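**Student:** Quick one, structure for this:
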Amino acid sequence: MSLIPEQPLPSWRRAVLKVGSNLLAADGGGLTNRYARALADFIAGSHAAGRHVVLVSSGAVAAGRALLREHAATSSELAARQALAALGQAPMIALWQSLATRPVAQVLLTHDDLRDRRRYLNARATLRELLALDVLPVVNENDTVAVDELKLGDNDNLAAIVAALVDADLLLIASDIEALYSADPRRDSQATPLGYVPVLTPEVLAMAGDSGSAVGTGGMRTKLEAAAKAAGAGIPTALFSGRNASTVRGLAAGRLRGTLFDAARTRMQARKYWLRHAPAAPGKIEVDAGAAHALSSGRASLLPGGIVGITGEFHRGDLVEIVGAGGVSVARGLCQYGAGEVRRLAGRHSRDIATTLGYSYSAEIVHRDDLVTLLESGPMEKSAHE
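**Tutor:** Okay, the predicted model is just below:
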């Protein structure tokens, strides 16, 4: 019987679920749905309840290795792994599609996609659109083109990055171990499970061991690193056993049997803090009184119709200050268009974006999720965090 008591799972509307290789790799090589089926049922049930799930799945390299078991690697370790990943992506996606109740889309990301603001916004917009279409995004690192020194590394940390990318409320890590223990339970019979970790201190990090499997690229250490990254973005992390069907079913009922890593701030607080204090581009967007009033609520996006002028220059993906009459700062946000494009769109309707530019990134110039109000407006300022 598990020593870990159940606890309430934090409420969420959008979550990232990371599934490790140990849950997908078959004993004789290749992939198996033995544990994936229960996780797929959880995803389907969440979608049916109006929640969104982004899946970060390992297993491509393990699948590729099984398909080419008789061939020895003839190139460098990185090149061999990249080849195996390319070969194994198809069967890994096929596994999830066979279990999913909705269409599955593959999204491959690289370090540069997340470092470059314009590519970051493209990835963010794609994932948002897939979720709006009720599609299950399956995310992985694009191992076939990543260079060693710029690799994201492991899928635990990738999952934390994706959680911040899509503004998730929760990061779920399905593992082959049921919780964080005070020591490695496979080596220390006195190790005890931790149900709740309020802060990831150096002492907690010291409890982590290395990878316990030949098919995975990380261990408990990378899971704690991922939880720390997620906490920095205001996102709590739940670690649980993906091999225990009862534990997985409990998630659907809002119960966690595992370890909950708390976040110091809420997701909204962390993101709004960054938007408020990060360096902005030199250019500014001027808006009319109606747009300024709408933006002050913290619940509105900036549309082209409310824009009356542009000063300075900025690029797509830059953090831009939005000002009202008299140059009073109203808000700051990540702009979906460059300054030249915004000049052409100023005062127009969103439906005219494609005909004016010949393309459209978004109906919004700045989406409300990428915007923070600067006006000290009492109750309206408070509503931005509700």
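**Student:** From here on, just use CA atoms for contacts and neighbour counts.
**Tutor:** OK.
**Student:** what mean pLDDT does the longest helix along the chain have?
**Tutor:** Criterion DSSP state H: the longest helix present in the chain is helix 77-99. Average pLDDT, helix 77-99: 86.
**Student:** And stretch 186-204, by the same measure?
**Tutor:** Mean pLDDT, computed over stretch 186-204, is 88.
**Student:** go on, stretch 241-260?
**Tutor:** For stretch 241-260, mean pLDDT is 96.
**Student:** Check which residues of the longest helix of the chain are buried.
**Tutor:** Buried positions in helix 77-99, judged by neighbour count with 16 or more other CA atoms under 10 Å: 79-89, 91-93, 95-97, 99.
**Student:** just stretch 251-267 next, same as before
**Tutor:** Buried residues in stretch 251-267, counting neighbours by 16+ other CA under 10 Å, are found at 251-252, 255-267.
**Student:** Quick one: list the elements packing against the longest helix of the chain.
**Tutor:** helix 36-48, helix 60-67, strand 104-109 (3 or more CA pairs under 8 Å, 6 or more residues apart in numbering; DSSP states H and E).
**Student:** Where does pLDDT dip in this protein?
**Tutor:** Filtered on pLDDT under 70, the chain yields the residue ranges 1-2, 69-78, 115, 143-153, 209-218, 268, 376-386.
**Student:** and it, what are its domains?
**Tutor:** Taking automatic domain parsing as the domain assignment, the ranges for the chain are 7-264, 271-383.
**Student:** Name the residue most distant from the centre of this protein?
**Tutor:** Seen from the C-alpha centroid of the chain, the residue lying at the greatest distance (CA atoms, centre = their mean) is Gly326, 38.6 Å away.
**Student:** quick one, helices of the protein?
**Tutor:** Listed from the start of the chain, the chain has helices (DSSP H) covering 36-48, 60-67, 77-99, 111-115, 117-132, 155-165, 202-205, 220-232, 245-252, 267-277, 289-295, 339-345, 353-357, 379-383.
**Student:** Please state the offset of the fifth one from the chain centre?
**Tutor:** For helix 117-132, the distance from its own C-alpha centre to the chain's C-alpha centre is 11 Å (CA atoms, centre = their mean, to the nearest Å).
**Student:** Need the residues that contact that helix.
**Tutor:** Applying CA atoms under 8 Å, 6 or more residues apart in numbering, the external contacts of helix 117-132 come out as 52-53, 105, 112-114, 136-137, 165-166, 316-318, 336.
**Student:** Give me the buried stretch members for it, please.
**Tutor:** By neighbour count with 16+ other CA under 10 Å, helix 117-132 contains the buried residues 117-125, 127-128, 130-131.
**Student:** returning to that earlier point: mind putting the helices of the chain in CSV, distance to Ser301 included?
**Tutor:** Listed next are those as CSV, based on distance: least, CA to CA, whole Å:
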stretch, distance to Ser301
helix 36-48, 26
helix 60-67, 39
helix 77-99, 35
helix 111-115, 23
helix 117-132, 15
helix 155-165, 18
helix 202-205, 40
helix 220-232, 25
helix 245-252, 32
helix 267-277, 14
helix 289-295, 7
helix 339-345, 15
helix 353-357, 15
helix 379-383, 14
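**Student:** Tell me which of the ones you listed sits nearest to Ser189.
**Tutor:** Closest to Ser189 of the helices of the chain is helix 220-232 (CA to CA; 17.5 Å).
**Student:** Show me what that closest one packs onto, helices and strands only.
**Tutor:** helix 155-165, strand 170-175, strand 237-241.
**Student:** closest to Ala292 out of these?
**Tutor:** helix 155-165 (26.8 Å).
**Student:** Could you check the angle the closest one makes with strand 104-109?
**Tutor:** Helix 155-165 runs at 100 degrees relative to strand 104-109, counting by axes from the mean of the first three to the mean of the last three CA atoms, to 10 degrees.
**Student:** Return the most buried member of the helices and strands packed on helix 77-99.
**Tutor:** Among those, helix 60-67 has the highest mean neighbour count (mean count of other CA atoms under 10 Å), at a mean of 24.
**Student:** Can you name every helix or strand that it contacts?
**Tutor:** helix 77-99.
**Student:** how far out from the middle of the chain is the helix it packs on?
**Tutor:** Centroid separation between helix 77-99 and its chain, computed with CA atoms, centre = their mean, is 21 Å.
**Student:** quick one: Gly29 and Val61 touch, right?
**Tutor:** No: assessed by CA atoms under 8 Å, Gly29 is found out of contact with Val61, at 10.9 Å.
**Student:** for Leu136, what are its contacts?
**Tutor:** Leu136 sits in contact with 53-55, 102-105, 130, where contact means CA under 8 Å, 6+ apart.
**Student:** Could I get those in JSON lines, plus columns for distance to His47?
**Tutor:** Formatted as JSON lines, these follow (distance: CA to CA, whole Å):
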{"residue": "Val53", "distance to His47": "7"}
{"residue": "Val54", "distance to His47": "11"}
{"residue": "Leu55", "distance to His47": "12"}
{"residue": "Arg102", "distance to His47": "9"}
{"residue": "Pro103", "distance to His47": "12"}
{"residue": "Val104", "distance to His47": "13"}
{"residue": "Ala105", "distance to His47": "15"}
{"residue": "Leu130", "distance to His47": "13"}
